[in-house]
Structures are given as C-alpha cells and as structure tokens.
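*Asks:* Build me a model from this:
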Amino acid sequence: MSDCIFCKIVRGELPASKVYEDEELLAFHDIHPFARVHLLIIPKLHVASLADCTVAHQDLLGKMLLLAPRLAKESGLDAGFKTLINTGRGGGQEVFHIHVHVFGGGDPAKRA
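*Replies:* This is a model prediction of the structure:
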C-alpha cells in the first residue's frame, strides 16, 4: 500500500534503524520504545493485521516468530523478552501492517 508507513520503510522511502533484513522480513528499532530494547519485525508483504492472515501466510508468520528470539539474544535480552502482536483498533494496533513487537531490558532511556 502506497501510504502505509511500514511499506514506505520497506521501499526505502523512510529511514529506519534496521537490525535485520532478508527477502521477506525487515526488523528495526521502534521509534517509541516501551523498553530499552524494542524491535519491530515486519513482513515486506503488506498484510494489514493478524486477522487478515490465512493459511497462505503460515510460513511467513512462523518465520517472523522464529526471528524474535534470535534478535532478542543479539540485543542482549538473555534473561527473557516479550512479544506482542496488536490486532485491530480494539487491540491497540496503530499501524495497519502486521508487525511483531520484541521488547525487554527495562527502561527505554537506558537503550544502548
């Protein structure tokens, strides 16, 4: 979608502090972190929310979830981390492009 902020990041039209990229996924630091480490994992394919996913998306969703612990470990979250997928306005979703939040490590002001 041309006006989707995450699609613009995927296309390189907006900057992001990237931590991972491959042919299907992109991960970057959240600009409004909840914690010292707060990453977003997004598919390059635009899918509005988890509620819009079908069985055709199962491999992509699995890849997103399996990337989370790898990035958490690389970010120093050895003691643990949280994941979150907000779905729909009622579920707190603000950007309508599916994304997985990966966060932990305490106060965002102490982000390295």
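
*Asks:* Quick check, residue 105 in contact with residue 76.
*Replies:* Yes - here residue 105 reaches residue 76: they are 6.8 Å apart, a contact under C-beta atoms under 8 Å. C-beta coordinates here come from the backbone N, C-alpha and C atoms, glycine included.

*Asks:* Which neighbours do the two have in common?
*Replies:* Common neighbours of residue 105 and residue 76 are listed as residue 37 (criterion: C-beta atoms under 8 Å, 6 or more residues apart in numbering).

*Asks:* ok, the two, which is more surrounded?
*Replies:* Legend: neighbour count by other C-beta atoms under 10 Å for residue 105 and residue 76, higher for residue 105 (21 against 13).

*Asks:* nearest spatial neighbour of the more buried one, skipping sequence neighbours?
*Replies:* Excluding its sequence neighbours, the residue lying closest to residue 105 (C-beta to C-beta, 6 or more residues apart in numbering) is residue 36, at 3.6 Å.

*Asks:* Could you count how many residues lie near that neighbour?
*Replies:* Around residue 36 there are 18 residues (other C-beta under 10 Å).

*Asks:* try residue 106
*Replies:* The burial count for residue 106: 10, using other C-beta under 10 Å.

*Asks:* quick revisit: and the residue nearest to residue 105, what are its phi and psi?
*Replies:* Dihedral pair for residue 36: phi -50, psi -40, per degrees, to the nearest 10.

*Asks:* Wait, it touches residue 106, no?
*Replies:* Yes - if you go by C-beta under 8 Å, residue 36 and residue 106 touch, sitting 5.1 Å apart.

*Asks:* Which helix or strand lies directly C-terminal to the helix ranked longest in the chain?
*Replies:* Across the chain, the longest stretch assigned as helix under DSSP state H is helix 58-74. Later in the chain than helix 58-74, the nearest helix or strand by DSSP states H and E is strand 82-84.

*Asks:* helices and strands around the helix or strand just after that next one, which ones?
*Replies:* Next along the chain after strand 82-84, taking DSSP H and E as the criterion, comes strand 100-104. When contacts are defined as 3 or more C-beta pairs under 8 Å, 6 or more residues apart in numbering; DSSP states H and E, strand 100-104 sits against strand 37-43, helix 58-74, strand 82-84.
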